[in-house]
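K.L.:
this one's structure only:
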């Protein structure tokens, strides 16, 4: 994701930039910090900037673009970046477009934090008054007078960028007067709406889909294994049952035969007893006669 944050001083760009950095694992590029880092590293572009800065002049756009070019080639910029403090003018924006096109990169969006300048001045005046009441030191650049000049500079130099990026359908406007949390939610919403975070979301969805597919493929195998194990156990149990059942059947069969034999013996005994009794009666009658 590659973004530019636009907004006058005091609009909350720094706060929102840090939140985007942590949320989407991208880096924040500040031209001032990049210039100082390039000078300290003594890169070819940094050495050019050093001479200009030592003389108190403004660093030319081509040097700034060169520093940005070197910076976004570094590994930590692969996921994307937020440009803070650049571009400030339309020529700088055109130079940035040329750089990104050369590197085959795309600018996803330009987020403008729109604020009420009168409200910003009131906030600064209130904050300065409270600091003075507490006896705290007020920074020279944090006064209503300085803010008024910075706002005028923003309108003259940077505000034309709003029209530039609007014509290219890159501009997304957010009400910067909302609470910090509300501004963060709105930025996330519009970035999702334009698909700036679609790649990241689709990667997660793809990973989840692949995991589900693997689970689905593994399920029949596991069910088959369980079924085979159950069948195996069942056959073993059946075999055991059959082994147990055979002796039982033999015992039952013997019991039936034994009962039958007992029954036949009893019948013969009763028949003989009846015959003997009858013979005795006949013999007795004959003796009497």
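P.N.:
Ah, there it is. The structure presented is a predicted model; accordingly, all values stated were derived computationally and were not measured. Numbering: from 1, shown residues only.
K.L.:
what residue ranges in the stretch 151-289 of the chain score low on pLDDT?
P.N.:
Along the stretch 151-289 of the chain, the parts satisfying pLDDT under 70 run over 197-289.
K.L.:
80 instead?
P.N.:
196-289 (pLDDT under 80).
K.L.:
Let me know the secondary structure of the nearest residue to residue 109 once chain neighbours are set aside.
P.N.:
The shortest distance from residue 109 to any non-neighbouring residue, by C-beta to C-beta, 6 or more residues apart in numbering, is to residue 172 (5.2 Å). All C-beta atoms are positioned from the backbone trio N, CA, C, and that covers glycine. In three-state terms, and counting by DSSP: H, G, I helix; E, B strand; the rest coil, residue 172 is strand.
K.L.:
now swap in the one 5 residues further on and tell me
P.N.:
On the three-state scheme (three-state DSSP), residue 177 is labelled coil.
K.L.:
Would you agree residue 183 is in contact with residue 174?
P.N.:
Yes. Using C-beta atoms under 8 Å, residue 183 is in contact with residue 174, at 6.0 Å.
K.L.:
got any residues that touch both of these two?
P.N.:
Common neighbours of residue 183 and residue 174 (criterion: C-beta atoms under 8 Å, 6 or more residues apart in numbering): residue 113.
K.L.:
Show me which of these two is the more surrounded one.
P.N.:
Higher neighbour count among residue 183 and residue 174: residue 174, with 24 against 21, using other C-beta atoms under 10 Å.
K.L.:
Return the set of residues that bridge with that one.
P.N.:
residue 113 (DSSP bridges).
K.L.:
picking up where we left off before, neighbours of the residue nearest to residue 109, just the number please.
P.N.:
For residue 172, using other C-beta under 10 Å, the count is 21.
K.L.:
Return the residues in contact with it.
P.N.:
Per C-beta under 8 Å, 6+ apart, neighbours of residue 172: 109, 110, 111, 112, 190, 191, 194.
K.L.:
any idea how far it is from residue 113?
P.N.:
Separation of residue 172 from residue 113 (C-beta to C-beta, to the nearest Å): 10 Å.
K.L.:
same question, residue 148
P.N.:
When distance is defined by C-beta to C-beta, residue 148 is 19 Å away from residue 113.
K.L.:
Kindly report the same for residue 150.
P.N.:
Per C-beta to C-beta, residue 150 is found 15 Å from residue 113.
K.L.:
again with residue 163
P.N.:
Between residue 163 and residue 113 the distance is 17 Å, computed by C-beta to C-beta.
K.L.:
Many thanks, have a good one.
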